[in-house]
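> below are the sequence and a predicted model for it; my questions follow.
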Amino acid sequence: MKVKKNIFAKIDHRLHNLFKENFPSIKFFKQNEQIDKNSYEKYISIGSLSKFYRKHTNDYMNSEFKQYSFNQNFPEIYRQQIRKLPNLKIGLSWHTFAPKNSEKRSLNPSQVSRILSINNNSFINLQYGEVSNSITEINQLSKNKLFTISNLDLTSDIDNVINVINNCDLIITIDNTLAHLASSIGKNVWILLPYSADARWMENITCSLNYQNTILIRQDQSCTWENVIKIIELALSKEKL
């Protein structure tokens with residue numbers, strides 16, 4: 001397929017720096033910016049590009065693009081907080097605010113606390129959105145407290161969230177924004193999926209077509225998180241990645 005030289009893309013403003021860094025030949029606009037209709041001839045939703053570039057599973061395997069690069073100018077105020085944490089540093093996200101299936105895809109505080117209680121690893125809060133009540137409940141249920149980085153906006157400051165992810169040994173997350181963000185920069189990611197997961201994760205596989213370093217941990221037919229938590233417990237009890 002021939003690619004036109006003049007390509008514009010409108011994206012979420014929080015991802016502007018990341019996309020601009022990785023695709024310098026494309027002119028990116030933030031969501032609230034207007035593009036002159038006379039400056040382009042055709043348009044397409046980004047999600048619809050897959051039907052042209054990912055027609056077969058081999059197209060994923062043979063892609064030249066492996067992961068995003070990013071600005072690693074990480075403020076020392078954040079770096080120091082992570083550096084002092086003992087043992088494995090594991091980033092954790094457990095909730096989605098998706099209006100249709102949030103309950104099915106999310107873990108409750110009790111389930112999160114069970115993951116935190118495995119050995120003495122350091123779990124770093126990477127859950128975006130207003131979840132302060134949930135964090136309070138999680139920490140009340142677990143002796144191993146969830147660590148939250150001070151003064152970091154996990155919802156809006158994507159550039160520094162990426163650097164936190166990069167400073168973790170492992171990311172454990174449900175199917176939400178963090179799953180894609182962490183996987184796209186090549187980190188080791190375990191994505192926890194409901195029994196009936198989104199089509200992008202396919203079926204009956206533990207690897208991701210989109211992300212090479214990502215492991216998919218799926219609910220069994222019980223449609224609960226019990227078997228998923230047990231798999232995590234077994235894997236983390238070995239203290240090896």
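Thanks, I have it. Numbers count the residues shown, from 1 in each chain.
> for this structure, name the helix or strand with the lowest mean pLDDT.
None of the helices or strands of the chain scores lower by mean pLDDT, DSSP states H and E than helix 57-61, at a mean of 86.
> okay, now the domains of this protein?
What automatic domain parsing lists as the domains of the chain is 1-33, 76-237.
> where are the low-confidence patches of the protein?
1-4, 239-241 (pLDDT under 70).
> where is the longest helix in it?
The longest helix of the chain (DSSP state H) is helix 226-237.
> buried residues in that helix, which are they?
Residues 228-229, 231-232, 235-236 are the ones in helix 226-237 that count as buried (16 or more other CB atoms under 10 Å). C-beta: built from backbone N, CA, C; applies to glycine.
> what of stretch 9-29?
Under the neighbour-count criterion of 16+ other CB under 10 Å, stretch 9-29 has 11, 14-16, 18, 28 buried.
> let's verify the most far-flung residue of the chain relative to its centre: helix, strand, or coil?
Largest separation from the mean C-alpha position in the chain: residue 38, at 36.2 Å (CA atoms, centre = their mean). Counting by DSSP: H, G, I helix; E, B strand; the rest coil, the backbone at residue 38 sits in helix.
> got the contact list for residue 87?
Residues near residue 87 by CB atoms under 8 Å, 6 or more residues apart in numbering: 119-122, 239.
> er, residue 236 actually
So residue 236 contacts 88, 90, 115, 118-119, 121 (CB under 8 Å, 6+ apart).
> returning to that earlier point: and which of the contacts of residue 87 is nearest residue 177?
Minimum distance to residue 177 across these is 22.3 Å, recorded for residue 122 (CB to CB).
> beta-bridge partners for that closest one, please?
Judged by DSSP bridges, the bridge partners of residue 122 are residue 89.
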